[in-house]
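Peer 1: Just to be clear, the model below is a prediction. Sequence and coordinates:
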Amino acid sequence: MRKVLLIEDDLDLYQLLQYNLERAGFRFTGSNTGKGAVELCFKERPDLILLDIMLPDSSGFEICARLRNHTAMAGAPIIFLTARGSEADRVMGLEMGANDYIVKPFSIRELIARVKVQLRPKEETDTTVLRSGRLELDRSRCQVSYNGDLIQLTATEFRLLEFFMSRPGTVFNRGQLLNAVWGSSRSVIDRTVDVYILRLRKKLEIGPPSCPGHQLGSRIRIQLQS
């Protein structure tokens with residue numbers, strides 16, 4: 001049974017989400033305050049985190065950034081819950097390391113669907129380890145390394161890189177990547193793909209992102225149709 005951790009100061013919404021997530025078969029834990037949220041995540045080790053951005057005692061953005069800076073929680077999917085629905089806010093949330101961004105008010109069924117998308121099992125294949133030059137992606141251990149050095153990626157960054165590495169030489173448009181990596185239940189903007197590709201490029205220490213078809217690692221290339 002997968003565990004979902006919720007940080008939400010609205011008590012009515014907290015209780016509503018707790019009821020529906022448990023009814024959907026998830027283990028539930030959480031807090032009504034941002035204080036101690038990072039420590040709670042380390043203690044509970046949830047499979048997914050639902051995180052309000054505008055908490056009275058802290059910022060959801062700051063909590064997300066702190067979690068992404070620690071190896072133990074770097075791969076746990078984070079979904080922001082917020083009333084801030086502008087494109088700039090969405091992009092900021094993704095750049096901070098969130099996997100998804102849900103604007104209040106939202107449908108409980110939609111939220112649970114998005115949680116399930118983030119927690120869906122990876123497709124089983126005969127190839128456990130994907131390699132491209134000195135870049136290596138281990139599906140079974142959810143690890144990526146370059147020349148033997150581990151690279152810390154979020155869960156969504158890992159899935160995006162896995163998608164590229166398992167289909168070398170193929171060009172994809174944004175819609176194809178959104179459906180493949182975020183799923184049909186997602187409700188994110190096309191620029192999401194650009195944000196994540198830029199983050200991958202930075203983490204893999206390659207050249208300037210303005211050049212199309214930049215080399216990723218040694219031989220894998222990110223190719224994106226306009």
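Peer 2: Received the coordinates, thanks.
Peer 1: okay, the host helix or strand of Leu200 in CSV with CA atoms only?
Peer 2: Secondary structure from DSSP states H and E places Leu200 in helix 191-203. This file holds the C-alpha atoms of helix 191-203, laid out as CSV (Å, rounded to 0.1, in the frame of the first residue of the first chain):
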residue,chain,number,x,y,z
ARG,A,191,6.2,24.6,-21.4
THR,A,192,6.5,21.9,-18.8
VAL,A,193,8.5,19.9,-21.2
ASP,A,194,10.9,22.8,-21.9
VAL,A,195,11.4,23.3,-18.1
TYR,A,196,12.3,19.7,-17.5
ILE,A,197,14.6,19.4,-20.5
LEU,A,198,16.4,22.5,-19.3
ARG,A,199,16.8,21.0,-15.8
LEU,A,200,18.1,17.7,-17.3
ARG,A,201,20.6,19.5,-19.4
LYS,A,202,21.9,21.4,-16.4
LYS,A,203,22.2,18.3,-14.2
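Peer 1: same for that helix, what does it pack against?
Peer 2: In terms of contacts (3 or more Cβ pairs under 8 Å, 6 or more residues apart in numbering; DSSP states H and E), helix 191-203 is packed against helix 87-95, helix 155-165, helix 174-177. No exception for glycine: its C-beta is placed from N, CA and C like everyone else's.
Peer 1: try 6 Å this time
Peer 2: helix 87-95 (3 or more Cβ pairs under 6 Å, 6 or more residues apart in numbering; DSSP states H and E).
Peer 1: Just checking the distance from the helix it packs on to the centre of its chain.
Peer 2: 13 Å (Cα atoms, centre = their mean, to the nearest Å).
Peer 1: cool, and stretch 195-204?
Peer 2: 13 Å.
Peer 1: so for that stretch, what's the average pLDDT?
Peer 2: Stretch 195-204 carries an average pLDDT of 86.
Peer 1: can you pull the buried residues of it?
Peer 2: Buried residues in stretch 195-204, counted by 16 or more other Cβ atoms under 10 Å: Val195, Tyr196, Ile197, Arg199, Leu200, Arg201, Lys203, Leu204.
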